[in-house]
Structure formats: structure tokens, C-alpha cells
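>>> quick one, fold the following:
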Amino acid sequence: MAAVGLTWDECKQMCPSDIVPACHNAIDTVTVSGPKQSIEKFVEELKEKKIFAKEVSCNQVAFHSHYMIDIAPLLKKCLENVIINPPKQRSSKWISSSVPENQWNTFISINIITRLSC
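As a prediction, this is how the structure comes out:
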């Protein structure tokens, strides 16, 4: 994965076929996801064009991409083993922009986390 200084539309146009825009972080900042070697090459190409690009440490996992679909069931099973049901009470510091506030203390979080990873 990498953070790049492109708009979402620019990213969709410029990404190689095996890299996808993954997270729309700001109007001109997108996180892209794909195979490590392709990401490294794309980052270098963008830097040569004086476009901000920085690899993001992700343990060689292409989160938020179609590469995650095959492992989503395993990811969900692993999360079910480590996330307590019912979940422990969150502190007032814990927020989520992916889970509606009325569901913060429910087990639904595992399904949403798994879905967002793909």
C-alpha cells in the first residue's frame, strides 16, 4: 500500500492495472493497494514526476482491495477468536467512522471490519 498525492480520479487513471485506489483520505490524497513490487514501482514513478508518494507499512497485505476477497472468510474467523462477544465496553476515546455509533458496542463490528478489508 502507499499514500499518494493524487485525487481519486487521477488515481483511477494513473494506477497500473494491478493497483487500486483503496482509501479516499482527502481531496488530493489517496491510499492505493496492490502487490508489493507493483506498489514500489508505482511509488518510484510518481516520485520521478514530483508527485508525493510514500509506501505504507502493511505487512505485505493489500488491504481494501480485491486481493483480500479470498482470505475474507479466514480473516472473519480469526477476528471472531480475538474479539470478545459481547464486546467489552469502549472508552469515550474510541470512535469509528466505519461503524454507526449505535452499533459501536455490538458484535457487528467483525463483519464490518472484514468487509472494509476487501
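>>> isn't residue 33 up against residue 1?
Yes - distance between residue 33 and residue 1: 4.9 Å, which falls inside the contact criterion (CB atoms under 8 Å). Glycine gets a C-beta too; all of them are placed from N, C-alpha and C.
>>> more crowded one of these two?
Under the neighbour definition other CB atoms under 10 Å, residue 33 and residue 1 were set side by side, and residue 33 has more, 25 against 22.
>>> circling back: residues that sit against both of residue 33 and residue 1, list them.
Shared contacts of residue 33 and residue 1 (CB atoms under 8 Å, 6 or more residues apart in numbering): 22, 39, 62, 63, 64.
>>> tabulate the residues you listed in a markdown table, adding columns for secondary structure.
Written out in a markdown table, the entries for these read as follows (DSSP: H, G, I helix; E, B strand; the rest coil):
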| residue | secondary structure |
| --- | --- |
| 22 | strand |
| 39 | helix |
| 62 | coil |
| 63 | coil |
| 64 | coil |
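>>> and which of these is nearest residue 81?
Proximity to residue 81 was ranked across these by CB to CB; first place goes to residue 63, at 19.5 Å.
>>> enumerate every residue touching the nearest residue to residue 52 once chain neighbours are set aside.
Leaving aside its sequence neighbours, residue 52 sits nearest to residue 5 (CB to CB, 6 or more residues apart in numbering; 3.2 Å). Contacts here follow CB under 8 Å, 6+ apart; on that basis residue 5 touches 28, 29, 46, 51, 52, 53.
>>> how about a cut-off of 7 Å?
Residue 5 is in contact with 28, 29, 51, 52, 53, counting by CB atoms under 7 Å, 6 or more residues apart in numbering.
>>> among the shared contacts of residue 33 and residue 1, which ones are buried?
The neighbour-count test (16 or more other CB atoms under 10 Å) applied to those identifies 22, 39, 62, 63, 64 as buried.
>>> distance to residue 14 and pLDDT added to those residues, as JSON lines?
Shown next, in JSON lines, are these (distance: CB to CB, whole Å; pLDDT from 0 to 100):
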{"residue": "22", "distance to residue 14": "14", "pLDDT": "89"}
{"residue": "39", "distance to residue 14": "13", "pLDDT": "95"}
{"residue": "62", "distance to residue 14": "18", "pLDDT": "78"}
{"residue": "63", "distance to residue 14": "20", "pLDDT": "79"}
{"residue": "64", "distance to residue 14": "18", "pLDDT": "79"}
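>>> done for today, thanks.
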